[in-house]
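Asker: Sequence plus predicted model, see below.
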Amino acid sequence: MGFLKKDSDFESGEHFSIVSAECYFQGTLSVQGSLRVDGRLEGAVDNARHIIVGDGGHITGDVTAEVVVCGGEIEGNVCAEMLEVLAKARIKGDIRAKKMIVEEGGRIEGHCSIGGTEEDAAAQEDGLTK
């Protein structure tokens with residue numbers, strides 16, 4: 001995971017936000033760079049480049065990002081170019097991604113739509129919102 005290197009984030013000028021283990025956040029979070037969640041976040045997360053949910057992290061709400069790496073829990077729909085579900089992770093919600101990796105032990109409760117074209121994704125999004 002080269003995008004997690006400390007130096008690469010600062011050199012590219014990308015912003016990196018953290019909800020630490022001691023933090024609780026409620027509301028919609030619009031992130032222009034990357035986000036790591038080790039605490040509890042209640043609300044939607046959108047516009048992010050990368051979202052990393054640590055072992056103790058918990059998101060209740062929809063998540064939209066280019067890359068999502070889940071090691072904790074997400075209760076909500078996930079829309080991403082790439083989704084990685086780690087061994088201790090749990091996702092409860094529908095998933096729409098172009099690519100997905102699920103490690104042994106990772107749990108998903110919901111419908112998954114993997115691959116497809118942008119038109120397929122848009123048509124499915126219309127179906128989910130109606």
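Answerer: Right, received. Where do you want to start?

Asker: use CA for all of it now, contacts and neighbours both
Answerer: OK.

Asker: Can you name the residues in contact with stretch 16-24?
Answerer: 9, 25, 31, 33-42, 56-57 (C-alpha atoms under 8 Å, 6 or more residues apart in numbering).

Asker: 10 Å instead?
Answerer: 4, 6, 9-10, 25, 31-42, 48-58 (C-alpha atoms under 10 Å, 6 or more residues apart in numbering).

Asker: Locate the spatially most central residue of the chain within the secondary structure: which element?
Answerer: Compute the mean C-alpha point of the chain, and by C-alpha atoms, centre = their mean the closest residue is residue 68, 3.6 Å away. In this assignment (DSSP states H and E), residue 68 forms part of strand 63-70.

Asker: so what strands line up beside that strand?
Answerer: strand 45-53 (parallel), strand 78-85 (parallel) (DSSP bridges).

Asker: for the record, mean pLDDT for the first one?
Answerer: Summarised as a single mean, pLDDT over strand 45-53 is 94.
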